[in-house]
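Undergrad: no letters, just coordinates:
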């Protein structure tokens, strides 16, 4: 039997190495395909795109709705509603209905409550942190499911409690424009102002 040349042995060794690398690449591709990364990247890119459309200012680390100009608010609403209806409602329908008041009525005024909007905004960004961030992990997902989601649902139900009490089937969405309409807030403010004045002047409140 003729001894193989060094060149032939080198070619065979190189061929086996390339075959091993190809198997590793195929395994990685199968893993990536199973993680549904395309949908996650598309969702995150939409939020980034909406924020990038805001004029003059860059995308903030935390949304401050009070400081947004009208165009920024419109862009933020687009991004928030895309997540609320495209992710929250689809993936967690029970929590969606309970938080926004749809378990007890067909119509909800949740979007008219600034504290509800803030709570939903926080829930959306914590969802991105748990599922889409480059350092996302099973522990983050577990924390979101066990802590942030139930807490947001509890907050939402509390926020809408007053409006639910005022809701009737005769029409309208049950929204109270003044949640404290039965309380004399003006008198309370006057008493507080008098207390602060006495503190400033050195008087001792009785």
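TA: Cool, the structure landed. Values in this document were obtained by computation on a predicted structure and should not be read as measured data.
Undergrad: chain neighbours aside, what residue packs nearest to residue 101?
TA: residue 108 (4.1 Å; C-beta to C-beta, 6 or more residues apart in numbering). All C-beta spots, glycine's among them, are computed from the backbone N, C-alpha and C.
Undergrad: does the one you found touch residue 157 like I think?
TA: No. Look at residue 108 against residue 157 with C-beta atoms under 8 Å: they stay out of range, at 11.5 Å.
Undergrad: okay, and the common contacts of the two?
TA: Shared between the contact lists of residue 108 and residue 157 (criterion: C-beta atoms under 8 Å, 6 or more residues apart in numbering) are residues residue 101.
Undergrad: these two: which has the busier surroundings?
TA: A direct count of neighbours by other C-beta atoms under 10 Å for residue 108 and residue 157 places residue 108 higher, at 24 against 16.
Undergrad: roughly how far does the residue nearest to residue 101 sit from residue 88?
TA: For residue 108, the distance to residue 88 (C-beta to C-beta, to the nearest Å) stands at 14 Å.
Undergrad: count the neighbours of residue 201 for me.
TA: Residue 201: 7 neighbours (other C-beta under 10 Å).
Undergrad: so who does the closest residue to residue 119 other than its chain neighbours touch?
TA: Spatial nearest neighbour of residue 119, excluding adjacent residues (C-beta to C-beta, 6+ apart): residue 155 at 4.8 Å. Taking C-beta under 8 Å, 6+ apart, we find residue 155 in contact with 99, 115, 116, 119.
Undergrad: buried subset of the residues you listed, written for ChimeraX?
TA: A single ChimeraX command suffices to select whichever of the contacts of residue 155 are buried according to 16 or more other C-beta atoms under 10 Å:
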select :99,116,119
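Undergrad: most widely separated two among the contacts of residue 155?
TA: The span of the contacts of residue 155, defined through C-beta to C-beta, is set by 99 and 115 at 12.3 Å.
Undergrad: the helix or strand bottoming out on mean pLDDT in the chain: what's the following helix or strand?
TA: Lowest mean confidence among the helices and strands of the chain (mean pLDDT, DSSP states H and E): helix 37-52, at a mean of 61. Next in sequence after helix 37-52, counting helices and strands by DSSP states H and E, comes helix 70-83.
Undergrad: which strands or helices does that following helix pack on?
TA: helix 37-52, helix 114-131 (3 or more C-beta pairs under 8 Å, 6 or more residues apart in numbering; DSSP states H and E).
Undergrad: buried residues in it, which are they?
TA: 72, 75, 76, 77, 79, 80, 83.
Undergrad: list the contacts for residue 124?
TA: By C-beta under 8 Å, 6+ apart, the contact list for residue 124 reads 80, 83, 84, 88.
Undergrad: isn't the last one up against residue 94?
TA: No. In this structure, residue 88 sits apart from residue 94 without contact. The criterion is C-beta under 8 Å, and the distance is 11.0 Å.
Undergrad: mind checking which of the two has more residues around it?
TA: Neighbours were counted for residue 88 and for residue 94 using other C-beta under 10 Å; residue 88 has more, 21 against 9.
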